[in-house]
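Novice: got a structure for you, letters missing:
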């Protein structure tokens, strides 16, 4: 069948890209070839607009076991083990069908981890929505959270951290990023690299249906509703649990040469990428693919994104051994093809050859678009230059009321409504879970080691200044890991941006990746994995640029960690050299209804030194609690340490007037700055902590003292805050917009 005029646009290929395909092949492609090119040359699979930026990121360090290019990255955590981790997006599907979109996003990232022979031990999620007083946003929020919990809980993997942020820029286009961390023996990590001419391809797991058709292709257009209606994947977490355990059991032997999950673009991407990594060809007969629907064409079989499927490579004489393991887990399998030596992807439908294309055409010949016209639009420069101190300062008698109002911000208030839907203690590895610390901490059983994980990004900072905002994202993720005693080892990133083919999306992407690279080099933290999600727009307006950063660190002694709630009769120490500012702050956005000004300055050398000191203090047992001062500034950090996110009993304190870094009350109490921490220290340790900070050249001051279990937080000179009222305000932040919406 010949290709009709413009038919290539239906698979998101441009006219010039189609012409390039015809030139490469020396003929028109078949319908199946066209669909496969559309998938493999999509942004999701081919990174054609982002690759020039991504190649600038640092990805090497002595402790890096696996960098970008595999299913996930891996770092050495000692004792012969590696932490294997990655973050990915499922934004467009979640905008259309939030429960299944979020659930299958979790399923996909978990498969990326266990396909490398790593036991998944933790899930984190980074979420973005429009304001919850909109019925559609409430519906998306409720069902995305339910989908994450529904899938992760059934798998028996704890969801231990993440973040959620609200802004009107996400109306119609929520962001759903899922991160998974696993543990694997370093010498037993499995790569998705097909090899061994004559070895066979075995498809295992679910039967193939029509769900998910064009999912990868149409993640490269900027209308979620038009792109994904009718193509959302449907998940089965119980089947994935069987699949995970079967794969991990198979890896105990040596029958499996390579393994790849079937995610975006289904069989197409899995077999093409495996063949490309191994420098081999593949031949598949789609008639051998088990199906759950009748009348499926070769096109549908190759591009289906049906979930809970894996393809593995094994010698033909080892197939009985593989199927015996699969039978024990009640999983079906089918030999669907072979590895060849001609470098060709050959797809047959019985005796009919539907595809005959060199592997390199799908991978190496994918067009790469260098950024052009990527400069800052005038309106963005003007917004950045706004003098945010033009607002009148707070009156002293309004400070307490302002703190209470800040606690009602959905970007600050309690997240218990979210994480209480997740099982965060299953597997019994969780040492610090949601709400208890700045990052999650998990024990590595059988060793003294722990791992810390965080997932962070201040999207508002990135909107105002994408270069500086991305640097903040890296620093914040590492800072949160340091706050629990973890030594940051590497990051994974999920780059959520608008259309890269025009401004401001192209400028935001270029500047954010540049900032991320500079921050990683300054902090000595490589990028080992990641994902790109572009075309996140509604009616041509991009979401806030959101380069989500997941950081994994190691604790050599898992018992040397720190949660964030202070105890009784402890000194409260403010640590850090930075000066707070209102630019881009939550205070300015929530109470003044303005997103403007320059985000806080970031001294990366000082950031690195401060984080190192905090880790040393925790390891030395000098501090009782640690919390970084982030969104909402000093006042909110103090309240959060007093409340402890409602866990245990609330502990009051008396705060002396903090050091005057500004003559303004709003900047002093609500201004935001990088690299500042609050430490709770026993009086016996205070002088040693102050001396250590002085030796490191880092400013410190004792700003208060905790009391016994009580009900007030006293701000000297301003009055007392009732902790019960603050807890109620915090609890209302995500609930005040109403109940679950059924739309």
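Specialist: Arrived safely, thanks for sending. Computed from a prediction, not measured in an experiment: that's the story for all the values here.

Novice: give me phi/psi at the residue lying closest to residue 503 once chain neighbours are set aside?
Specialist: Nearest non-adjacent residue to residue 503, counting by Cβ to Cβ, 6 or more residues apart in numbering: residue 377, 5.5 Å away. Quick note: C-beta positions are derived from backbone N, CA and C, even for glycine. Residue 377 has phi and psi values of phi -60, psi 150 when expressed as degrees, to the nearest 10.

Novice: In which helix or strand does residue 95 reside?
Specialist: Under the criterion of DSSP states H and E, residue 95 resides in helix 91-96.

Novice: tell me what that helix is packed against?
Specialist: With contacts defined as 3 or more Cβ pairs under 8 Å, 6 or more residues apart in numbering; DSSP states H and E, helix 91-96 has these neighbours: helix 98-114, helix 135-155, strand 175-185, helix 224-228.

Novice: Tell me what angle the second one forms with strand 175-185.
Specialist: In other words, helix 135-155. Counting by axes from the mean of the first three to the mean of the last three Cα atoms, to 10 degrees, helix 135-155 lies at 20 degrees to strand 175-185.

Novice: between helix 135-155 and helix 98-114, how many degrees?
Specialist: Calculated by the same axes, to 10 degrees, helix 135-155 forms an angle of 40 degrees with helix 98-114.

Novice: Need the contact partners of the helix or strand that helix 135-155 is followed by.
Specialist: Using DSSP H and E, the next helix or strand after helix 135-155 towards the C-terminus is strand 159-166. Strand 159-166 is contacted from outside by 122-132, 148-149, 152-153, 179, 410-411, 415, 418-419, 422-424, 430, 433-434, 439-440, 442, 453-457, 459, using Cβ atoms under 8 Å, 6 or more residues apart in numbering.

Novice: where does the chain have its least confident helix or strand?
Specialist: helix 224-228 (a mean of 52; mean pLDDT, DSSP states H and E).

Novice: re the thing from before, what's the average pLDDT for the helix holding residue 95?
Specialist: The pLDDT scores in helix 91-96 average 93.

Novice: distance between that helix and the chain's centre?
Specialist: Centroid separation between helix 91-96 and its chain, computed with Cα atoms, centre = their mean, to the nearest Å, is 16 Å.

Novice: And it, what's buried?
Specialist: Using 16 or more other Cβ atoms under 10 Å as the test for burial, helix 91-96 gives 91-96.

Novice: Would you check how far apart residue 31 and residue 3 are?
Specialist: For residue 31, the distance to residue 3 (Cβ to Cβ, to the nearest Å) stands at 7 Å.

Novice: Likewise for residue 720?
Specialist: 74 Å.

Novice: so how far is residue 367 from residue 464?
Specialist: 32 Å.

Novice: In terms of neighbours, single out the busier of those two.
Specialist: Higher neighbour count among residue 464 and residue 367: residue 464, with 23 against 14, using other Cβ atoms under 10 Å.

Novice: close enough to count as contact, the more buried one and residue 595?
Specialist: Yes - here residue 464 reaches residue 595: they are 7.2 Å apart, a contact under Cβ atoms under 8 Å.

Novice: which ones are touching residue 288?
Specialist: 334-337.

Novice: which intervals of the stretch 101-250 of the chain have sub-threshold pLDDT?
Specialist: 212, 214-231 (pLDDT under 70).

Novice: related to what we said a few turns ago, so which of the helices and strands packed on helix 91-96 comes closest to residue 201?
Specialist: Of all the helices and strands packed on helix 91-96, helix 98-114 sits nearest to residue 201, with 16.9 Å by Cβ to Cβ.

Novice: Let me know the closest of the buried residues of helix 91-96 to residue 262.
Specialist: Using Cβ to Cβ, these come closest to residue 262 at residue 93, 15.5 Å.

Novice: How about that closest one, nearest residue that isn't a chain neighbour?
Specialist: For residue 93, ignoring the flanking residues on the chain, the nearest one in space by Cβ to Cβ, 6+ apart is residue 101 at 3.5 Å.

Novice: Next, count neighbours for residue 48.
Specialist: 18.

Novice: which ones are touching it?
Specialist: Counted by Cβ under 8 Å, 6+ apart, residue 48 has contacts 41, 366-369.

Novice: related to what we said a few turns ago, tell me how far the residue nearest to residue 93 lies from residue 107.
Specialist: From residue 101 over to residue 107 (counting by Cβ to Cβ), the distance is 11 Å.

Novice: if we can go back for a sec, doesn't residue 505 make contact with the residue nearest to residue 503?
Specialist: No - if you go by Cβ under 8 Å, residue 377 and residue 505 don't touch, sitting 10.7 Å apart.

Novice: who has more neighbours, these two?
Specialist: Using other Cβ under 10 Å, the more surrounded residue of residue 377 and residue 505 is residue 505, with 23 against 12.

Novice: re the thing from before, out of the contacts of residue 48, which one sits closest to residue 298?
Specialist: Using Cβ to Cβ, residue 41 comes nearest to residue 298 of those, at 19.1 Å.

Novice: Look up the closest residue to that closest one, ignoring the ones flanking it.
Specialist: Nearest residue to residue 41 in three dimensions, chain neighbours excluded: residue 366, at 5.0 Å (Cβ to Cβ, 6+ apart).

Novice: From residue 235, how far off is that neighbour?
Specialist: From residue 366 across to residue 235, the span is 29 Å (Cβ to Cβ).

Novice: do residue 124 as well
Specialist: Applying Cβ to Cβ to residue 124 and residue 235 gives a distance of 19 Å.

Novice: so how far is residue 21 from residue 7?
Specialist: 12 Å.

Novice: Touching both of these two, which residues are there?
Specialist: Common contacts of residue 7 and residue 21, defined by Cβ under 8 Å, 6+ apart, comprise residue 34.
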